[in-house]
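Participant: Sharing a model that was predicted from the sequence below.
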Amino acid sequence: MGRPTANPLFVALDTTDVGEATALAANLHDDVGGVKLGLEFFARHGHKGVREVFRAGGLPLFLDLKFHDIPNTVAGAVRAVMPLAPALLNVHAAGGQAMMAAARDSAQTEAARLGVAPPRLLAVTVPTSLDAEDLAATGVAGPVSDQVRRLAALAHAAGLDGVVCSALEAPLLRADLGPDFLLVTPGVRPTWASADDQKRVATPREALEAGADVLVIGRPITGASDPHRAARRILDDLIAERNLA
Ligand SMILES: O=c1ccn([C@@H]2O[C@H](COP(=O)(O)O)[C@@H](O)[C@H]2O)c(=O)[nH]1
């Protein structure tokens, strides 16, 4: 469902209301480069709902399902969503190199069988809602950036196309893994928005300057009284920063 465009902004449509999601996708068509549908929407509406949102917006799709299981199960889950032909799809890097490689092979094989473009396959490193203290509580001591770098290197070794990380780690990963490795950053907050449950945050400008390729933004846009205006405000700021028009 579409290829990534020059506009780096992907709006996260976190809702179980298919009417709301399709209205937002249509309303934001000219303001964003793609839409992200995740667990909340997919668990309620599955393939049918995803297709409805795609029809409404016609925008590249990031299917943010964060698969994490044994390699065989993840390969099967990836195969099962390939008919949706997402532009971006992800798994958890913490599932390990063999699991990520199985996901990659499954995506490529099934996409070829179906005659659709394979997704850019990403690995989630450390969710942007976690800080060093949260991570230490899971048994991973040290700076968050160390763990992000370890997981990103594993994803790179498994042949994935990129990672989901916070903008705070983007410069390190760019230096570690080169210019072609896709860096997708949620936890992006304009100065006028609240952080909500996000802990590793950056403004849209900071994220781009840090080397992010895709900025995922949800609530600052979808929770605004005028989502189109909120997205436009963010985009105009980015256009002023870089010539993105
Ligand atoms: O580390 C991660 C990975 C994924 N997400 C997802 O991005 C959006 C962010 O939404 P906001 O409303 O802008 O906070 C959401 O769908 C998450 O599931 C993330 O935030 N962090």
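Facilitator: Good, I have the coordinates. Numbering: from 1, shown residues only.

Participant: ok but L130 is inside a strand, no?
Facilitator: No. With DSSP: H, G, I helix; E, B strand; the rest coil as the criterion, L130 is coil rather than part of a strand.

Participant: which residue packs closest to it, ignoring adjacent ones?
Facilitator: Leaving aside its chain neighbours, L130 sits nearest to K199 (6.3 Å; criterion: CB to CB, 6 or more residues apart in numbering). Any C-beta I mention is one placed from the backbone N, CA and C, and that applies to glycine too.

Participant: Likewise for A170?
Facilitator: Nearest residue to A170, sequence neighbours excluded (CB to CB, 6+ apart): A210, at 3.9 Å.

Participant: Would you list the phi and psi of G58?
Facilitator: Its backbone dihedrals place G58 at phi 60, psi 30, with angles given as degrees, to the nearest 10.

Participant: quick one: average pLDDT of stretch 223-232?
Facilitator: Over the span of stretch 223-232, the pLDDT mean works out to 98.

Participant: Identify each buried residue in that stretch, please.
Facilitator: By neighbour count on 16 or more other CB atoms under 10 Å, the buried set for stretch 223-232 is P227, H228, A230, A231, R232.

Participant: how about the residues you listed in CSV, adding distance to the ligand?
Facilitator: Shown next, in CSV, are the buried residues of stretch 223-232 (distance: CB to the nearest ligand atom, whole Å):
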residue, distance to the ligand
P227, 12
H228, 17
A230, 11
A231, 12
R232, 17
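
Participant: can you put those in TSV and add secondary structure?
Facilitator: Output for those, formatted as TSV (three-state DSSP):
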residue	secondary structure
P227	helix
H228	helix
A230	helix
A231	helix
R232	helix
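
Participant: quick revisit: and the residue nearest to L130, how close does it get to S166?
Facilitator: The span separating K199 from S166 equals 9 Å under the rule CB to CB, to the nearest Å.

Participant: Could you name every residue contacting both of these two?
Facilitator: The contact sets of K199 and S166 overlap at T128, G187 (CB atoms under 8 Å, 6 or more residues apart in numbering).

Participant: Those two - which one has more neighbours?
Facilitator: For K199 versus S166, neighbours defined as other CB atoms under 10 Å are more numerous around S166 (28 against 17).

Participant: Could you give the secondary structure assignment for the more buried one?
Facilitator: Per three-state DSSP, the local secondary structure of S166 is coil.

Participant: Spit out the contact partners of it.
Facilitator: Residues counted as contacts of S166 (CB under 8 Å, 6+ apart) are V126, T128, V148, T185, P186, G187, R200, V201, A202.

Participant: ok, A193 - contacts?
Facilitator: If you count contacts by CB under 8 Å, 6+ apart, A193 has them with R219, P220.

Participant: switch the cut-off to 10 Å
Facilitator: When contacts are counted by CB atoms under 10 Å, 6 or more residues apart in numbering, A193 is found next to V201, T203, I217, R219, P220, I221, G223, A224, A230, I234.
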